[in-house]
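# Provided below for reference: sequence and predicted model.
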Amino acid sequence: MKSIKHKIALTGFSGTGKSEVGRLVSNVLGWDFIDVDTEIEKRFGMIASSIFEECGEAKFREVEAEIIDQAFPKTEIVMILGGGASLTQSQRMRLLDEFFVVTLEGLPETILKRINISTRLNPDSERPLLKGDDILANIERVKAKRQDKYALTHWTVNTDYLSASEVTDEVIRAWHLIGPQLRVAEETRSDVATFVSHGSTGRYDIRVAPGCISKLGELLADMNLSDVGYIISDDTVFPIYGRQAQETLEHAGIKTHCFVFPSGEKSKTLDMAHSIYQWLVGLKAERNHVVVAVGGGVVGDLAGFVAATFVRGMNFVQVPTSMAAMVDASIGGKVAVNLPEGKNMVGAFYQPQLVVVDPLALKTLGKRELAEGWAEAIKHGLLFDKELIAVFEENWKDLMALKGDIVEHVIRRSIALKAIVVRQDEREVFGKRILLNYGHTIGHGIESMTGYGSFLHGEAVSIGMSAAVKISYKLGMVERDVVKRQENLLKKFDLPINCPGLDIEQLLVNINLDKKRMDGKIRWVLLSDIGKPVVRADVPACIVKEVVRELIMGKSL
Ligand code: NAD
């Protein structure tokens, strides 16, 4: 355990008691206190309702964002967010990553009662968003609109039947209980780049360090995972890294068996899984033994699927060796095999106990495979991290040539971004993990219509991202320069942004088979800016068709 977060943020609707409870928590813990709304009022020298009236909500939110940004580096602090705090996506994720976030909840009726009391006591405290004839209806409407934001939290306290001091006790109890599990991501100081927490108690580290495959045995022995290991690898990777992994495991006293299959997507089948099951049966494999996947995404997905299902789940460790597997496939526990009817049709969410990323392994990866992996890392930046995009733009030559420390830095950052999403929405039910699908709706359509033979996955995603940003532009969500900026970056990494010659009607059919449909509608992941993803289910078919036609004609904006 490294450092415990000495930072608590309280969020929730007006009238849930945030300010009073926040002050009490800060008194009990002896920490600093900052109420963002009060700070804003101080800066403007007027109350919130006057700021809204005289300067407008946009100005209010601008100052709010500034104050929250300034609070991030502080420690031993209790921060109260305004009921309607409109954080950017990256601020919200950063908040969850750096603060212990507690949402205070209350029924609309309770909230109305408390707001009435506080308005009677202090007429200046009238909330600008809650004016009108039917305030209860207003509360219900506005609260429902914000509820998804309040759901992004580590702990929720229902305050309806509790006094402020009881709520305070509960916040502090939760901090003691959960706080120690929430380590600050130490991205640069240790080889633990980040971690993934899942379920109520599970968590695992993602280690990134040059040469760490040679220490795999030690790492596993330290974790006391098992004294029997099963390395699963493909015939390209095994001679280079699989054998090395086997030697370090044996050296650490872990008896190790190896299963090697032909490299490539064609091996990711139930038949191959069946062959591995039979091999494991022959070796009398047990649930507490460990499966170690050494290879690209195909190895990780197949070995993970076997680990998830054999004897109802074995220990599992991922050693990704391709860029795509390092920054994407090995993080988040999606494991699967393909059916003739579709990719990744049979699978599970099955988290490994450890992910070990050795950037030196990338030296032997083909140029095209490297570039397609960078596509996934760029995707994480486009979705969540404008600064990472600037790093890609400045360092593309070194990144493509795998030169310098910048490679490890970018891999770590990209992994951390995905890990944050998985921590918040392990099973893709809270509307967070779907964001990682940026570029995938059209990307998957292109892959399936070309029989997975013409484009590598990351290349298809690159074309899909180019389409998604154009759709965003045509819907008036982004300026033209955002489209151009993304296109230029992808081109620098030798990634395609068009797919000339494909059949337009067939591609539209394949796009409509997207697995992420809901109520018959495709949920498009689009951008409202770099670093600001938006999910839209209302994209008109004519716009999709227009953009697909442009991809096929190779036409730029
Ligand atoms: P891959 O595993 O087929 O690897 C690509 C090629 O590179 C293979 O020939 C492999 O043998 C070779 N290779 C890998 N590492 C190497 C190295 N260090 N040196 C030399 N050669 C090396 O494919 P991939 O691009 O790594 O991953 C794609 C797969 O991952 C797809 O099946 C996709 O569905 C899956 N995927 C899964 C997730 C997930 O969340 N589970 C996410 C993205 C992709």
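Done, it's in.
# which parts of this structure sit against the ligand?
Residues of the chain lying close to the ligand (Cβ under 6 Å from any ligand atom) are 234, 236-237, 240, 263-265, 268, 295-299, 301, 321-322, 324-325, 328-329, 332, 334, 344, 361, 364-365, 369, 457. Any C-beta I mention is one placed from the backbone N, CA and C, and that applies to glycine too.
# could you pick out the buried ones from those?
Listed as buried from the residues of the chain next to the ligand are 234, 236-237, 240, 263, 265, 268, 295-299, 301, 321-322, 324-325, 328-329, 332, 334, 344, 361, 365, 457; burial here means 16 or more other Cβ atoms under 10 Å.
# show me the shaky parts of this structure.
Low-confidence segments of the chain (pLDDT under 70): 1-5, 89-90, 120-131, 179-190, 193, 199-201, 514-518.
# which one is Ser472 nearest to, not counting chain neighbours?
Leu526 (4.2 Å; Cβ to Cβ, 6 or more residues apart in numbering).
# other SSEs contacting the helix or strand where that neighbour lies?
Assessed by DSSP states H and E, Leu526 sits inside strand 524-529. In terms of contacts (3 or more Cβ pairs under 8 Å, 6 or more residues apart in numbering; DSSP states H and E), strand 524-529 is packed against helix 367-384, helix 440-449, helix 457-474, strand 532-536.
# quick one: list the elements packing against the first one.
Contact analysis of helix 367-384 by 3+ Cβ pairs under 8 Å, 6+ apart lists helix 89-98, helix 323-324, helix 386-400, helix 406-424, helix 457-474, helix 480-492, strand 524-529 as its packing neighbours.
# rerun that using 6 Å as the cut-off
Under the contact criterion of 3 or more Cβ pairs under 6 Å, 6 or more residues apart in numbering; DSSP states H and E, helix 367-384 touches helix 323-324, helix 386-400, helix 406-424, helix 457-474.
# any idea how far the second one is from the middle of the chain?
The offset between the C-alpha centroid of helix 386-400 and the centroid of the whole chain comes to 20 Å, using Cα atoms, centre = their mean, to the nearest Å.
# ok, whatever residue of the stretch 451-557 of the chain ends up closest to the ligand to Gln91 distance?
As assessed by Cβ to the nearest ligand atom, the ligand sits closest to His457 within the stretch 451-557 of the chain, at 5.2 Å. Separation of His457 from Gln91 (Cβ to Cβ, to the nearest Å) stands at 31 Å.
# also Glu376?
In terms of Cβ to Cβ, Glu376 sits 24 Å off from Gln91.
# neighbour count winner among those two?
Neighbour count, other Cβ atoms under 10 Å: between Glu376 and Gln91, Glu376 has more, with 24 against 16.
# so that one sits right up against Met326, yeah?
No: if you go by Cβ atoms under 6 Å, Glu376 and Met326 don't touch, sitting 9.2 Å apart.
# circling back to that earlier point, and the residue of the stretch 451-557 of the chain closest to the ligand, what does it touch?
Residues near His457 by Cβ atoms under 6 Å, 6 or more residues apart in numbering: none.
# what about 7 Å?
Neighbour list for His457: Ala324, Glu372, Glu447 [criterion: Cβ atoms under 7 Å, 6 or more residues apart in numbering].
# which of the residues you listed lies closest to Asp425?
Ala324 (21.1 Å; Cβ to Cβ).
# so what's that closest one closest to, chain neighbours aside?
Gly373 (4.1 Å).
# you'd agree that neighbour is up against Ser322?
Yes: using Cβ atoms under 7 Å as the test, Gly373 is close enough to Ser322 to be in contact (5.9 Å).
# nearest to Ile442, out of the helices and strands packed on helix 367-384?
helix 457-474 (3.9 Å).
# next one: the closest one to chain centre, how far?
Worked out by Cα atoms, centre = their mean, helix 457-474 lies 19 Å from the chain centre.
# got the CA coordinates for that helix in PDB?
Extracted in PDB, the C-alpha atoms of helix 457-474 (Å, rounded to 0.1, in the frame of the first residue of the first chain):
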ATOM      1  CA  HIS A 457      -8.000  -3.700 -35.900                       C
ATOM      2  CA  GLY A 458      -6.200  -0.400 -35.000                       C
ATOM      3  CA  GLU A 459      -6.300   0.600 -38.700                       C
ATOM      4  CA  ALA A 460     -10.000   0.100 -38.900                       C
ATOM      5  CA  VAL A 461     -10.400   2.000 -35.600                       C
ATOM      6  CA  SER A 462      -8.400   4.900 -37.100                       C
ATOM      7  CA  ILE A 463     -10.800   5.000 -40.100                       C
ATOM      8  CA  GLY A 464     -13.700   4.800 -37.700                       C
ATOM      9  CA  MET A 465     -12.400   7.700 -35.500                       C
ATOM     10  CA  SER A 466     -12.000   9.800 -38.700                       C
ATOM     11  CA  ALA A 467     -15.600   9.100 -39.500                       C
ATOM     12  CA  ALA A 468     -16.800   9.800 -35.900                       C
ATOM     13  CA  VAL A 469     -15.100  13.200 -35.800                       C
ATOM     14  CA  LYS A 470     -16.600  14.100 -39.200                       C
ATOM     15  CA  ILE A 471     -20.000  13.100 -37.900                       C
ATOM     16  CA  SER A 472     -19.400  15.300 -34.800                       C
ATOM     17  CA  TYR A 473     -18.500  18.200 -37.200                       C
ATOM     18  CA  LYS A 474     -21.600  17.700 -39.400                       C
END
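# separation between Ala375 and Asp358?
Taken as Cβ to Cβ, the span from Ala375 to Asp358 is 21 Å.
# indicate the residue of the stretch 51-200 of the chain located nearest to the ligand.
Val196 (12.0 Å).
# is that residue part of a helix or strand, or is it coil?
strand (DSSP: H, G, I helix; E, B strand; the rest coil).
# contact partners for it?
Arg203, Tyr204, Ile206, Ile331, Gly332, Gln351, Ala419, Val422, Arg423.
# now, among the residues you listed, which is nearest to Val171?
Arg423 (20.7 Å).
# now do the contacts for that closest one.
Val196, Ser197.
# and for Val407?
Val407 touches Pro359, Leu399, counting by Cβ under 7 Å, 6+ apart.
# adjust the sequence numbering to begin at 31 for everything that follows.
Got it, first residue is 31 now, which makes that one Val437.
# report the central residue of this structure.
Compute the mean C-alpha point of the chain, and by Cα atoms, centre = their mean the closest residue is Val451, 2.2 Å away.
# just checking, it touches Ile464?
No: Val451 is not in contact with Ile464 according to Cβ under 7 Å; the separation is 9.5 Å.
# do a quick rundown of the helices in the stretch 231-380 of the chain.
246-253, 267, 273-281, 300-312, 327-339, 353-354 (DSSP state H, counting those that start in this stretch).
# so what's Ile236 bridging to?
Beta-bridge partners recorded for Ile236 (DSSP bridges): Thr224, Val385.
# ah, wrong one, I meant Val290
Ser263.
# ok and the residue in the stretch 381-530 of the chain nearest the ligand?
Thr394 (3.6 Å).
# that residue reaches Tyr271, doesn't it?
No: judged on Cβ under 7 Å, Thr394 makes no contact with Tyr271 at a distance of 8.4 Å.
# mutual contacts of these two, please.
If you check Thr394 and Tyr271 against Cβ under 7 Å, 6+ apart, no residue is contacted by both.
# domains for the protein, by residue range?
37-218, 222-395, 445-583 (automatic domain parsing).
# ok, back up a step: what are the contacting residues of the strand holding Leu556?
412, 464-465, 467-468, 471, 498-499, 501-502, 507-508, 512, 563-566, 569.
# in contact with Leu395, which residues?
Here Leu395 is in contact with Ser352, Met353 (criterion: Cβ under 7 Å, 6+ apart).
# try 10 Å
Taking Cβ atoms under 10 Å, 6 or more residues apart in numbering as the criterion, Leu395 is in contact with Thr266, Val267, Gly326, Thr351, Ser352, Met353, Ala354, Met356, Ala401, Glu402, Gly403, Leu432.
# now do Ser244
Per Cβ under 10 Å, 6+ apart, neighbours of Ser244: Tyr271, Gln274, Ala275, Glu277, Thr278, His281, Asp388, Leu390.
# so which of the residues you listed is the most crowded?
Ala275 (28 neighbours).
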